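> coords please:
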Amino acid sequence: MGNANVFALRTTMYRHFWLFYVACVFCFCVGILVGPWLRGVDREALDSVKPEYVISPTPLHALSSSSHPSVNASADDAPGAAAVLVTGMHHTGTSILTLLLMNLGLEAGRRSDLLFLPGNKVKYFELARAEHLNEDFLLKTTDKTNPPWPAYGHEWDRASLQEQTQYVLEVKKVLDWLDTYAGPEKSWVLKDPRLCLLAEAYLTQVTNRKRICIIPHRDPIEVASRFVPFARGWPLETNLELWEEYNVRAIQACRRTGATIIQVSHFQMMTEPYELAKYLHAKLVDAGVKGVFLPSEDGFQKRFLKLWFNPDKPYRVSPTGGAEVLSKLEGMISTRAKRVWEAQRTYNLEMLSDAELIPKSWTHPRFE
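Now for the predicted structure:
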């Protein structure tokens, strides 16, 4: 083959390669621009509310150093779509509960927006930007001598006024993003166990949707025992304090902001998930939330049960930790924690007075 023919062949090959490359880039760009439009999402509006985690030198508004922003009481009078917060303690089934709510028609974000961590098989469906925002803020409000992961010892006033203000501004951006993603007619759900400690900052910024708190409950001894493998070196009673403060602060925040509280049993979630789906659907409809639907039992079986439940591995009622650990935990549970658990398991949070829901200082002597 002559040099001229070789040169012509190479030129043709290069031309075809570049044409293929340009076509791929074009298709990729079209997919990004058109994909959201096809599913009814305004891409430009969606990206315009993407939060940027930058401390502003000039906050747009100031907060009281002793409380969160005042509540817009008219928000829950608006009919239709809802802002649903799953305010459940760690190890209470918040991931499964959130997936169940998504099967009822609530939006949580695109798959690429949600956390799926290979290292934590039960940490799913958390909006990454919200989880990172909450985690970063709690590092500022938790005594550094305390265990950082569960935010033990969190106090809102440990953050500076500027940090509080900036945090609430970023929370508002997250909520605006969810509003835009879901659209005005659909409800969205936000899940993060840290919301137990920070729910008020979120709920006070919801101004155009119904406020709904869904609080899953689980036996405090069972939850505390689940922390044992992760809490080596912590005083055992710390695990019970975490359960108590997470639940007390979640209930208080939802009550103070006028949110509708829906209680959910972790035991029912694991043993009768479709019955729980029917219960949640009825509760959301009763609360005036539009756009939710109840899938058929067959559809629910295919989309939910087969993904999460193994019929050969029934729900384990007994907590972990051994008889000695369980006996110690039984003797450590506080009177208030017993009251909170009684109110939860009997679906009667009204029995708890406002005085019983005042957060306490929870820096344990072990960490001082």
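> the stretch 51-200 of the chain: helices as residue ranges?
Using DSSP state H, counting those that start in this stretch, the helices found in the stretch 51-200 of the chain span residues 94-103, 128-141, 161-182, 195-203.
> am I right that Trp234 sits in a helix?
No: applying DSSP: H, G, I helix; E, B strand; the rest coil, one finds Trp234 to be coil, outside a helix.
> about what we covered before: format the helices of the stretch 51-200 of the chain as JSON lines; extra columns: distance to Gly299.
Yep, even glycine has a C-beta here, placed from its N, CA and C like the rest. Output for those, formatted as JSON lines (distance: least, Cβ to Cβ, whole Å):
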{"stretch": "helix 94-103", "distance to Gly299": "8"}
{"stretch": "helix 128-141", "distance to Gly299": "28"}
{"stretch": "helix 161-182", "distance to Gly299": "22"}
{"stretch": "helix 195-203", "distance to Gly299": "29"}
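> the lengthiest strand in the chain to helix 195-203, inter-axis angle?
Counting by DSSP state E, the longest strand found in the chain is strand 210-217. Strand 210-217 runs at 180 degrees relative to helix 195-203, counting by axes from the mean of the first three to the mean of the last three Cα atoms, to 10 degrees.
> quick one: strands adjacent to strand 210-217?
Strand 210-217 pairs in its sheet with strand 82-86 (parallel), strand 260-265 (parallel), by DSSP bridges.
> most tightly surrounded among these?
Highest mean neighbour count among the strands paired with strand 210-217 (mean count of other Cβ atoms under 10 Å): strand 82-86, with a mean of 28.
> what lies in contact with that strand?
Applying Cβ atoms under 8 Å, 6 or more residues apart in numbering, the set of residues contacting strand 82-86 from outside is 94, 97-98, 101, 106, 175, 178, 187-192, 195, 199, 202-203, 206, 209-214, 216, 254, 259, 284, 287, 289.
> strands of this protein, start to end?
According to DSSP E, the chain carries its strands in the segments 82-86, 114-116, 124-127, 188-191, 210-217, 260-265.
> so which of those strands is nearest Thr238?
When the strands of the chain are ranked by proximity to Thr238, the top entry is strand 210-217, at 20.0 Å, counting by Cβ to Cβ.
> quick one: average pLDDT of the closest one?
On average, the pLDDT along strand 210-217 is 97.
> what's the answer for stretch 132-152, then?
79.
> so that it lines up with my notes, have the first residue be 841 from now on.
Happy to do that; since the first residue is 841 now, the last one works out to stretch 972-992.
> could you tell me the end-to-end distance of it?
17 Å (Cα to Cα, to the nearest Å).
> one more: stretch 1026-1041?
Using Cα to Cα, the span of stretch 1026-1041 from its first residue to its last is 22 Å.
> buried set for that stretch?
By 16 or more other Cβ atoms under 10 Å, the buried positions in stretch 1026-1041 come out as 1026-1041.
> circling back: deepest of the helices of the stretch 891-1040 of the chain, which one?
Of the helices of the stretch 891-1040 of the chain, the one with the most neighbours on average (mean count of other Cβ under 10 Å) is helix 1035-1043, at a mean of 26.
> helices or strands up against it?
strand 922-926, helix 968-981, helix 1001-1022, strand 1050-1057, helix 1076-1096 (3 or more Cβ pairs under 8 Å, 6 or more residues apart in numbering; DSSP states H and E).
> turn the ones you listed into CSV, including distance to Leu1197.
Converted to CSV, the helices and strands packed on helix 1035-1043 look like this (distance: least, Cβ to Cβ, whole Å):
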stretch, distance to Leu1197
strand 922-926, 17
helix 968-981, 19
helix 1001-1022, 21
strand 1050-1057, 13
helix 1076-1096, 4
